[in-house]
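Asks: Sequence first, then the predicted structure:
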Amino acid sequence: AQSVAQPEDQVNVAEGNPLTVKCTYSVSGNPYLFWYVQYPNRGLQFLLKYITGDNLVKGSYGFEAEFNKSQTSFHLKKPSALVSDSALYFCAVRETNTGTASKLTFGTGTRLQVTL
Amino acid sequence: NAGVTQTPKFRVLKTGQSMTLLCAQDMNHEYMYWYRQDPGMGLRLIHYSVGEGTTAKGEVPDGYNVSRLKKQNFLLGLESAAPSQTSVYFCASNPVRGGSEAFFGQGTRLTVV
């Protein structure tokens, strides 16, 4: 069964500093990996994804993520955090074998708090 | 282009009452999902559908039923609501292509008293 782990419930960063939100995954085959962001009282918004190819993926709002197959990780990064980045971030995985009906499995989420 | 629309946005139920949550998408997506979001537990899959007329159980299906009579609609039913079903419910859809991202509705906040 596929699974996602986000080891940090909350990450605190000062504005202007780099940020990292960690994600590790487990699948039996090759993964599709996604990051979503959720602002208060809103649905999830897509940030970026890894399908294949370059291990460094760039997404919306200056975010990027690095796929590391040997460490089964897909950490979300941003070089310079903004207060407006404060939100709940979810990592998700889907197996490339569509025999599992393309189920998307989410981590428990990491709350990012960016302060002045 | 509305995307994924959930109805209603808020609801309070008494224990034992029934209700249906409606999810509608206008992107012609094959796959649709119902998740519940609880503090500290992330999003958990309740039921999903890979096409019109098909449904399947997710990881927390007990107490819920679903139907996908039309491709654009995915209904989630609670036959006899329990306080443990107090949660925020999200619907999502995506195309068949596995690398496609899912699109989410704005959520339904359900309280069972």
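Replies: Nice, I can see it.
Asks: pretty sure A:C23 contacts A:Q71?
Replies: No - A:C23 is beyond contact range of A:Q71, at 10.8 Å (criterion: C-beta atoms under 8 Å). Glycine gets a C-beta too; all of them are placed from N, C-alpha and C.
Asks: Which one's more surrounded, the two?
Replies: Between A:C23 and A:Q71, A:C23 has the larger neighbour count (other C-beta atoms under 10 Å in any protein chain shown), namely 25 against 10.
Asks: Look up the closest residue to the more buried one, ignoring the ones flanking it.
Replies: Using C-beta to C-beta, 6 or more residues apart in numbering or on different chains and skipping residues adjacent in sequence, the residue nearest A:C23 is A:C91, 3.5 Å away.
Asks: Wait, a helix at the one you found?
Replies: No - per DSSP: H, G, I helix; E, B strand; the rest coil, A:C91 lies outside any helix segment and is strand.
Asks: partner residues bridging it?
Replies: Following DSSP bridges, A:C91 is listed with bridge partners A:W35.
Asks: check contacts around it.
Replies: Going by C-beta atoms under 8 Å, 6 or more residues apart in numbering or on different chains, A:C91 touches A:V4, A:Q6, A:V21, A:C23, A:Y25, A:L33, A:F34, A:W35, A:F74, A:L76, A:F106, A:G107.
Asks: nearest to A:F63, of these?
Replies: Closest approach to A:F63 among the contacts of A:C91 (C-beta to C-beta): A:L76, at 6.1 Å.
Asks: Excluding chain neighbours, give the residue nearest to the closest one in space.
Replies: Here the residue nearest A:L76, using C-beta to C-beta, 6+ apart, is A:V21, at 4.2 Å.
Asks: ok, now how distant is the one you found from B:S49?
Replies: Here the distance between A:V21 and B:S49 works out to 31 Å (C-beta to C-beta, to the nearest Å).
Asks: of those two, who's got more company?
Replies: Neighbours around A:V21 and B:S49, counted as other C-beta under 10 Å, are more numerous at A:V21. The numbers are 25 against 22.
Asks: and the more buried one, what pLDDT?
Replies: pLDDT recorded at A:V21 is 98.
Asks: so residue 70 is in which element?
Replies: With no chain named, the answer covers chain A. Of the helices and strands defined by DSSP states H and E, none includes A:S70.
Asks: right idea, wrong chain: chain B
Replies: Per DSSP H and E, there is no helix or strand for B:K70.
Asks: just to revisit the earlier point, out of the contacts of A:C91, which are buried?
Replies: Buried residues within these, counting neighbours by 16 or more other C-beta atoms under 10 Å in any protein chain shown: A:V4, A:Q6, A:V21, A:C23, A:Y25, A:L33, A:F34, A:W35, A:F74, A:L76, A:F106, A:G107.
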